[in-house]
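[1] take this sequence and fold it.
(one chain, ligands or ions: 1)
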Amino acid sequence: MKCPKCGKNISSKVSCCKHCGTRFVRKSDKLAKKMTMDGRIAMACGGLLMFIGLVVFLNGGRLWAAIIFALGVLLTFIGKKMR
Ligand SMILES: [Zn+2]
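    As a prediction, the model looks like this:
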(Lines give C-alpha, C1' and ligand atoms only; values in the text may rest on other atoms or scores of the structure.)
Protein backbone atom coordinates (compact mmCIF):
# COMPACT_ATOMS: atom_id res chain seq x y z
CA MET A 1 0.00 0.00 0.00
CA LYS A 2 0.97 3.64 -0.32
CA CYS A 3 1.28 6.28 2.36
CA PRO A 4 -1.67 8.69 2.04
CA LYS A 5 0.58 11.64 2.87
CA CYS A 6 3.91 11.15 1.07
CA GLY A 7 2.83 8.47 -1.43
CA LYS A 8 5.78 6.17 -0.77
CA ASN A 9 5.33 2.40 -0.63
CA ILE A 10 5.00 1.01 2.85
CA SER A 11 4.08 -2.31 4.44
CA SER A 12 0.36 -2.77 5.04
CA LYS A 13 1.17 -4.30 8.42
CA VAL A 14 2.50 -1.10 9.98
CA SER A 15 0.28 1.59 11.46
CA CYS A 16 2.58 4.52 10.66
CA CYS A 17 4.73 5.53 7.69
CA LYS A 18 8.47 4.97 8.12
CA HIS A 19 9.25 7.71 5.59
CA CYS A 20 7.27 10.64 6.97
CA GLY A 21 5.98 9.24 10.27
CA THR A 22 2.30 9.71 9.48
CA ARG A 23 0.01 7.56 11.56
CA PHE A 24 -3.04 6.14 9.84
CA VAL A 25 -5.97 3.95 10.73
CA ARG A 26 -6.03 0.63 8.92
CA LYS A 27 -9.29 -0.77 7.61
CA SER A 28 -9.16 -3.73 10.00
CA ASP A 29 -8.89 -1.33 12.95
CA LYS A 30 -11.92 0.60 11.76
CA LEU A 31 -13.88 -2.64 11.37
CA ALA A 32 -12.87 -3.81 14.84
CA LYS A 33 -14.00 -0.48 16.27
CA LYS A 34 -17.35 -0.74 14.49
CA MET A 35 -17.84 -4.32 15.75
CA THR A 36 -17.13 -3.18 19.31
CA MET A 37 -19.68 -0.39 18.97
CA ASP A 38 -22.32 -2.73 17.53
CA GLY A 39 -21.65 -5.13 20.38
CA ARG A 40 -22.26 -2.36 22.88
CA ILE A 41 -25.51 -1.39 21.17
CA ALA A 42 -26.65 -5.03 21.21
CA MET A 43 -25.80 -5.30 24.91
CA ALA A 44 -27.62 -2.05 25.69
CA CYS A 45 -30.71 -3.24 23.77
CA GLY A 46 -30.50 -6.60 25.53
CA GLY A 47 -30.37 -4.92 28.92
CA LEU A 48 -33.34 -2.74 27.99
CA LEU A 49 -35.33 -5.79 26.82
CA MET A 50 -34.58 -7.61 30.08
CA PHE A 51 -35.83 -4.58 31.98
CA ILE A 52 -39.02 -4.42 29.88
CA GLY A 53 -39.48 -8.18 30.45
CA LEU A 54 -39.27 -7.60 34.20
CA VAL A 55 -41.85 -4.78 34.03
CA VAL A 56 -44.20 -6.98 31.95
CA PHE A 57 -43.68 -9.82 34.45
CA LEU A 58 -44.62 -7.54 37.35
CA ASN A 59 -47.76 -6.56 35.44
CA GLY A 60 -48.82 -10.19 35.15
CA GLY A 61 -47.84 -10.94 31.54
CA ARG A 62 -45.75 -14.01 32.33
CA LEU A 63 -45.57 -15.49 28.78
CA TRP A 64 -44.62 -12.19 27.14
CA ALA A 65 -42.22 -11.45 29.97
CA ALA A 66 -40.46 -14.78 29.34
CA ILE A 67 -40.23 -14.13 25.59
CA ILE A 68 -38.97 -10.56 25.96
CA PHE A 69 -36.54 -11.55 28.72
CA ALA A 70 -35.16 -14.44 26.64
CA LEU A 71 -34.65 -12.06 23.68
CA GLY A 72 -32.83 -9.64 25.97
CA VAL A 73 -30.53 -12.37 27.27
CA LEU A 74 -29.83 -13.53 23.70
CA LEU A 75 -29.03 -10.00 22.52
CA THR A 76 -26.73 -9.40 25.48
CA PHE A 77 -25.00 -12.70 24.76
CA ILE A 78 -24.48 -11.76 21.09
CA GLY A 79 -23.21 -8.34 22.16
CA LYS A 80 -20.66 -9.93 24.48
CA LYS A 81 -19.50 -12.28 21.69
CA MET A 82 -18.88 -9.30 19.39
CA ARG A 83 -16.39 -7.65 21.73
ZN1 LIG B 1 4.58 8.77 4.45
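
[2] tally of neighbours for Asn59?
    Asn59 is surrounded by 10 other residues when neighbours are defined as other CB atoms under 10 Å. From N, CA and C alone the C-beta is placed, and that goes for glycine too.

[3] how much space between it and the ion?
    Counting by CB to the ion, to the nearest Å, the separation of Asn59 from the ion is 62 Å.

[4] check Val25 too.
    Relative to the ion, Val25 is positioned 14 Å away (criterion: CB to the ion).

[5] just the mean pLDDT for the longest helix seen in the chain, thanks.
    Under DSSP state H, the helix in the chain containing the largest number of residues is helix 27-58. Looking at helix 27-58 alone, the average pLDDT works out to 84.

[6] now the angle between helix 27-58 and the following helix or strand past it, please.
    Sequence-wise, the next helix or strand downstream of helix 27-58 (DSSP states H and E) is helix 62-82. Direction vectors for helix 62-82 and helix 27-58, defined by axes from the mean of the first three to the mean of the last three CA atoms, to 10 degrees, enclose an angle of 160 degrees.

[7] so what touches helix 62-82?
    Residues outside helix 62-82 that contact it (CB atoms under 8 Å, 6 or more residues apart in numbering) are 35-36, 38-54, 56-57.

[8] one more time with 7 Å
    Helix 62-82 is contacted from outside by 35, 38-40, 42-43, 45-47, 49-50, 52-53, 56-57, using CB atoms under 7 Å, 6 or more residues apart in numbering.

[9] stretch 6-21 too?
    Outside stretch 6-21, the residues that touch it by CB under 7 Å, 6+ apart are Met1, Lys2, Cys3, Lys5, Thr22, Arg23, Phe24, Arg26.

[10] just the residues you listed: which are in strands?
    Secondary structure defined by DSSP state E assigns none of those to strands.

[11] show me which of these is closest to the ion.
    If you rank the contacts of stretch 6-21 by distance to the ion using CB to the ion, Cys3 comes first, at 3.1 Å.

[12] ok, that closest one - contacts?
    Ile10, Cys17, His19, Cys20, Thr22.
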